[in-house]
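>>> this is a predicted model, with the sequence first.
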Amino acid sequence: MTDTALAHTVGTAAKPREFGPMTTRMFARYSGASGDLNPMHYDDVQARAAGNPSVFSQGMHQAALLSTFATDWLGAETVRRFQVRFREQVWPGDVLTCSGEITAVEPAEDGAEFVTVALTCTRQTGGVAVSGSADFLLPTEPTR
């Protein structure tokens, strides 16, 4: 531990960001881009035949939105770890809000800081679609 003050502060939150409303077209495009061709994500007839109310989004789609939010906030080049937990399905019409907060800051080599953030992707219902955390190696002078 050094005697200098840390540049990043525990409790600092990013400005939340909304994505959506989600559409079947988004799910189909993500299917093609990711190679996840499970028809539950783009074929409403098959999704309903399987007992679902409609098609639903891939969990990795929300993880991608959450990672976009996090890297727009703290920088893609500074990511050291990113993990998520899938919690609720996302349906057409859902609006997702991604949020994040710094939960830990530790000094690192060369004057950088190792910053841990808690991340959440929440549906408009208040239900959490995806939660996660990430570590970033940041310069002591915030650049964003």
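Yep, that arrived.

>>> which residues sit in contact with T68?
C98 (Cβ atoms under 8 Å, 6 or more residues apart in numbering). Placement of C-beta: from N, CA and C, glycine included.

>>> A strand includes it, no?
No - assessed by DSSP: H, G, I helix; E, B strand; the rest coil, T68 does not belong to a strand; its assignment is helix.

>>> any low-confidence regions in this protein?
1-6, 141-144 (pLDDT under 70).

>>> ranges for the strands of this structure?
Secondary structure of the chain (DSSP state E): strands located at 17-19, 79-86, 96-107, 113-123, 128-138.

>>> export the ones you listed to a markdown table and tack on mean neighbour count and distance to R29?
Formatted as a markdown table, the strands of the chain follow (neighbours: other Cβ atoms under 10 Å; distance: least, Cβ to Cβ, whole Å):
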| stretch | mean neighbour count | distance to R29 |
| --- | --- | --- |
| strand 17-19 | 17 | 14 |
| strand 79-86 | 14 | 20 |
| strand 96-107 | 18 | 16 |
| strand 113-123 | 21 | 18 |
| strand 128-138 | 21 | 18 |
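
>>> CSV for those strands, including distance to L65?
As requested, the strands of the chain are exported to CSV (distance: least, Cβ to Cβ, whole Å):
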stretch, distance to L65
strand 17-19, 5
strand 79-86, 11
strand 96-107, 6
strand 113-123, 6
strand 128-138, 8
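
>>> quick one, which of these is nearest to G32?
strand 17-19 (18.5 Å; Cβ to Cβ).

>>> can you tell me which helices and strands that closest one packs against?
helix 59-74, strand 96-107 (3 or more Cβ pairs under 8 Å, 6 or more residues apart in numbering; DSSP states H and E).

>>> of those, which is nearest M26?
So among the helices and strands packed on strand 17-19, helix 59-74 is nearest, using Cβ to Cβ, at 7.4 Å.

>>> in the closest one, which residues are buried?
59, 61-67, 69-71, 73-74 (16 or more other Cβ atoms under 10 Å).

>>> contacts only, for T9.
By Cβ under 8 Å, 6+ apart, the contact set of T9 is 102, 105.

>>> got it, and R123?
Counting by Cβ under 8 Å, 6+ apart, R123 has contacts 88, 90, 94-96, 129.

>>> one more: S133?
81-83, 103, 116-119.
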